[in-house]
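> Sequence below, structure please.
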Amino acid sequence: MTSDPAPQTKRVFLVDDHPLVREWLTNLINQQPGLEVCGEAESGPEARERILALRPDVAIVDIALKDSSGIELIKDLKQSCPEVAVLVLSMHEDSHYAERALRAGARGYVMKRETTRKVIAAINQVLAGKLCVSETLTAAMAAHFVEGKTLATRTPVEQLSDRELEVFELLGQGRTTRQIAETLHVSLKTVQAYCARVKEKLNLGSATELLREAVRWHEDTLRG
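Residues are numbered from 1 along each chain as shown. Model prediction:
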């Protein structure tokens, strides 16, 4: 009588621009039976290249990455290697971040402040092909649905496109339009066009008002 083959170890790739977070996740995941970390990266371009080469079972991605956007990385991975399940581990608790990540192709979204047990449970859930969102965010998204809060009725910032929000956030971090162009690998004119659209959507009259609002938004986000 032959015994059943041992379950194959699932390989996890980490994408986060904080070395301590990657180290914590590596130690946590490698302690779990059936899971192992196969690689890591701190930026979108580096992550994309390594994930394409390693083909892990799941990628754990932060939205805010070094000189790049986690949302754009998720979109790229959905196109280039859709078999890789993406789980977002983020500091952002706002439900519209979770919605953007899920629309981009993520299979789950959990907070960095969650317990280690919940993080491991989320990894196993997305590996099983299920959708995983924390209870708090599920409740917030359900409230949007029940209230009929469509994109047309949400706050002005929530109505920004993913790219517009990325430019807005980089402005809030103190980047100049030229630095943003270099970070996003687009022309200065393209960034200026995004800024103009953001100003219009947020009903702001000048570049100074745009910068002030971006800094306020960034500081509010950091405070959670």
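> tell me the centre residue of this protein?
The geometric centre of the chain, computed from its C-alpha atoms, lies nearest to residue 63 (Cα atoms, centre = their mean), at 2.6 Å.
> separation between the closest residue in space to that residue that isn't next to it in sequence and residue 184?
For residue 63, ignoring the flanking residues on the chain, the nearest one in space by Cβ to Cβ, 6 or more residues apart in numbering is residue 70 at 3.9 Å. The C-beta positions use only the backbone N, C-alpha and C, and glycine is treated the same way. For residue 70, the distance to residue 184 (Cβ to Cβ, to the nearest Å) stands at 13 Å.
> And these two? Which one has more around it.
The neighbour count for residue 70 versus residue 184, taken as other Cβ atoms under 10 Å, is higher for residue 70 (28 against 20).
> Could you pull up the contacting residues of the more buried one?
If a contact means Cβ atoms under 8 Å, 6 or more residues apart in numbering, then residue 70 has 15, 44, 61, 62, 63, 64, 88, 90, 101 as its contacts.
> Inside helices: which ones of those residues?
Judged by DSSP state H, helices contain the following of the contacts of residue 70: 44, 101.
> For the contacts of residue 70, give me a markdown table that also has pLDDT and distance to residue 217.
Supplementary listing: the contacts of residue 70 in a markdown table, determined by pLDDT from 0 to 100; distance: Cβ to Cβ, whole Å:
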| residue | pLDDT | distance to residue 217 |
| --- | --- | --- |
| 15 | 95 | 24 |
| 44 | 88 | 22 |
| 61 | 95 | 22 |
| 62 | 91 | 18 |
| 63 | 85 | 15 |
| 64 | 79 | 13 |
| 88 | 94 | 20 |
| 90 | 86 | 16 |
| 101 | 89 | 18 |
